[in-house]
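Novice: Okay, structure incoming, though there's no sequence with it:
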């Protein structure tokens, strides 16, 4: 804003108060540049918010002063406070935006009252229009922030157990360890490895094993204290970080866990505490892992470990994780587009009814504004259906074109580019830039600006500077909002990718594979197969060589599966040593043979197959058939041995 005002002041040297205005602009620029230059230092400082508030207050006072010195709200600088209002709605949290918005509106009201007289309703239209746009921008920004927070949470949650996944637990452990080291407090890492879990899968199938894992996760979460964190860091491996807990506290947790786990899912447990057992995370991990295996060896000397694995009497309960719908952002954008049309049109209609009594085109403007309002209401009502429609882009393009043409005609009928209703053509552009992808928003903003210039040239304007300043201010604001929207989009895509990717193998996780499966088979023919791959005797690798060796083997298996399958095939890891492949072919048997041969370099594997349309129509039924086939193979091989 100071830059735009500087261009105007330098371009109109014959105007009044130019020296004083130049001084105000330079002061505003100095105040605005300080937070920008000091951003790295302020980011982690307690002064960040006070500095932001101070800058907003100074710039608001400065813009109000510039508008007053230049004549009031109808001057080319008259809308600067309202541009700032919209920008603040995008960059500030709601708790800060509300008082800053009131300050901006108070500054504009002061200019409207103390400045030169404006046409009836002029200030009212500007305040209501930009206020509505700012409110919608704040809602849109808050909704996207909420979506990113939920995506961030989902990216750290194991879809099966509802515990933290490996990535989420590692981040939590590192944060708690750093806090404990900084404050001189204690923290304990507890590890749990289920005994003979592989036998549950081999005897009763992966569904029974999944039920047992989900139950174990809930049991661990119930037995630790509030403030502690629980994660599933491997197939049947769980971990907990016990905050401000020493060895005695950890032993108490271990005793409670043994009481709960032994009747259903016996586990070997180990823990290590900072600072008593080590002063680094790596030392705690190593010692806790060693104690797990020492506990496992001690437990295997008893008779209990030699009893056959029974089917666990565990009910399956779906875990609660934040729901992120694939169409949520599209629905939000569609809804905001409709609300924007309703808001701007309603303000314009109010102006026509209240302040344009003697205007020769009052009826025509009222009809066009009412039409835009009805169309916007229809889009809001149909937002859910439109967001799921394959023709969404075409529908919204048609809606945007109709709204644009109506707005241009309304401005032309009202008298030109500097009338009160002209604000309805430019004010929506920042929100459009914020809420639409650049390939849509940039052309739409460009075409709208072209219409505004055409109306100013063909119909009329009080001054070229008025058109230039309103157009330049709107474009600058739209660019700033567009950059904010693009950055939010990049963060959202990254979090979406993380929430669907297994951190260890870089393949799709359970959540990601099931979503991809549903998308791939939509409209697919029967030439689609599902393969389940289960590594034979993988548990022995972990028990003999440690979890690091097991992790390295799993990463190799994932890379081998990707290298052996076609680019159109989809590879995922459901958990532990269980992988899945969605095969874009009906020849599942030969594909399974190729995969077994490739994996045999380092590990034997059992593979079950199911074909779409023959063994089922959805993931659940195909998975059940392939799982049953896989364990039939295992039993035959065991019997033959």
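Specialist: Perfect, I can see it now. Quick caveat: nothing in here was measured; it's all calculated off a predicted structure.

Novice: the helices in the stretch 451-600 of the chain, which residues?
Specialist: For the stretch 451-600 of the chain, helices defined by DSSP state H, counting those that start in this stretch occupy the ranges 464-499, 510-521, 538-545, 547-564, 588-599.

Novice: Which elements pack onto the second one?
Specialist: In terms of contacts (3 or more Cβ pairs under 8 Å, 6 or more residues apart in numbering; DSSP states H and E), helix 510-521 is packed against strand 570-575, strand 578-583, helix 619-640. For the C-beta atoms, the positions are set from N, CA and C on the backbone; glycine is no exception.

Novice: who does the second one pair up with?
Specialist: Right, strand 578-583. Counting by DSSP bridges, the strands paired with strand 578-583 are strand 529-535 (antiparallel), strand 570-575 (antiparallel).

Novice: got the contact list for the last one?
Specialist: Applying Cβ atoms under 8 Å, 6 or more residues apart in numbering, the contact partners of strand 570-575 are 160, 206, 210, 213, 232, 235, 502, 504-505, 507-510, 512-513, 516-517, 520, 554, 558, 561-562, 565, 579-582.

Novice: Next one: residue 281, what pLDDT does it get?
Specialist: What the model reports as pLDDT for residue 281 is 90.

Novice: one step back: indicate which one of the helices and strands packed on helix 510-521 is closest to residue 366.
Specialist: Shortest separation from residue 366 across the helices and strands packed on helix 510-521 is recorded for helix 619-640, at 54.9 Å, computed as Cβ to Cβ.

Novice: Helices of the stretch 101-250 of the chain, start to end?
Specialist: Using DSSP H, counting those that start in this stretch, the helices found in the stretch 101-250 of the chain span residues 122-154, 166-183, 197-204, 206-223, 247-261.

Novice: want to try JSON lines for those, with mean neighbour count, distance to residue 637 and mean pLDDT as columns?
Specialist: Formatted as JSON lines, the entries for those read as follows, by neighbours: other Cβ atoms under 10 Å; distance: least, Cβ to Cβ, whole Å; pLDDT from 0 to 100:
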{"stretch": "helix 122-154", "mean neighbour count": "20", "distance to residue 637": "38", "mean pLDDT": "88"}
{"stretch": "helix 166-183", "mean neighbour count": "17", "distance to residue 637": "31", "mean pLDDT": "90"}
{"stretch": "helix 197-204", "mean neighbour count": "20", "distance to residue 637": "11", "mean pLDDT": "76"}
{"stretch": "helix 206-223", "mean neighbour count": "21", "distance to residue 637": "17", "mean pLDDT": "86"}
{"stretch": "helix 247-261", "mean neighbour count": "16", "distance to residue 637": "30", "mean pLDDT": "87"}
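
Novice: Nearest to residue 339 among the ones you listed would be which one?
Specialist: Residue 339 lies closest, by Cβ to Cβ, to one member of these: helix 122-154, at 5.8 Å.

Novice: do you know which of the helices of the stretch 451-600 of the chain lies nearest residue 294?
Specialist: Closest approach to residue 294 among those is made by helix 538-545 (12.1 Å; Cβ to Cβ).

Novice: what does that closest one rub up against?
Specialist: Residues lying outside helix 538-545 but in contact with it, judged by Cβ under 8 Å, 6+ apart, are 193, 197-198, 234-235, 293, 296, 549-550, 553, 576-577, 603.

Novice: Present these as a markdown table; the columns should include distance to residue 140.
Specialist: Formatted as a markdown table, the entries for these read as follows, by distance: Cβ to Cβ, whole Å:
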| residue | distance to residue 140 |
| --- | --- |
| 193 | 47 |
| 197 | 47 |
| 198 | 49 |
| 234 | 40 |
| 235 | 41 |
| 293 | 53 |
| 296 | 53 |
| 549 | 49 |
| 550 | 46 |
| 553 | 46 |
| 576 | 41 |
| 577 | 44 |
| 603 | 50 |
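
Novice: quick one: which of those residues is nearest to residue 97?
Specialist: Nearest to residue 97 among the contacts of helix 538-545 is residue 234, at 44.4 Å by Cβ to Cβ.

Novice: got the helices of the stretch 101-250 of the chain as CSV, with distance to residue 623 columns?
Specialist: Putting the helices of the stretch 101-250 of the chain into CSV (distance: least, Cβ to Cβ, whole Å) gives the following:
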stretch, distance to residue 623
helix 122-154, 22
helix 166-183, 23
helix 197-204, 13
helix 206-223, 8
helix 247-261, 27
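
Novice: Tell me which of these lies nearest to residue 414.
Specialist: Put simply, out of the helices of the stretch 101-250 of the chain the one that sits nearest residue 414 is helix 122-154, at 10.3 Å, with distance taken as Cβ to Cβ.

Novice: List just the nearest of the contacts of helix 538-545 to residue 395.
Specialist: Comparing the contacts of helix 538-545 against residue 395 with Cβ to Cβ places residue 576 closest, at 45.3 Å.

Novice: For that closest one, give me its contacts.
Specialist: By Cβ under 8 Å, 6+ apart, the contact set of residue 576 is 234, 235, 236, 538.

Novice: Between those, which sits nearest residue 356?
Specialist: Proximity of these to residue 356 was ranked by Cβ to Cβ; the top entry is residue 234 with 70.7 Å.

Novice: just checking, that closest one touches residue 553?
Specialist: No: in terms of Cβ atoms under 8 Å, residue 234 does not count as a neighbour of residue 553; the distance is 11.9 Å.

Novice: Run through the chain and note the low-pLDDT ranges.
Specialist: Within the chain, the set of residues satisfying pLDDT under 70 comprises 1, 300-327, 523-526, 586, 638-641.

Novice: per the record, what domains does it have?
Specialist: The chain breaks down into these structural domains: 122-129+136-152+326-496, 166-306, 510-640 (assignment by automatic domain parsing).

Novice: and the residue sitting nearest the centre point of the chain, what does it touch?
Specialist: Centroid-nearest residue in the chain: residue 148, 2.6 Å away (criterion: Cα atoms, centre = their mean). With Cβ under 8 Å, 6+ apart as the criterion, the residues that contact residue 148 are 488, 491, 492, 495.
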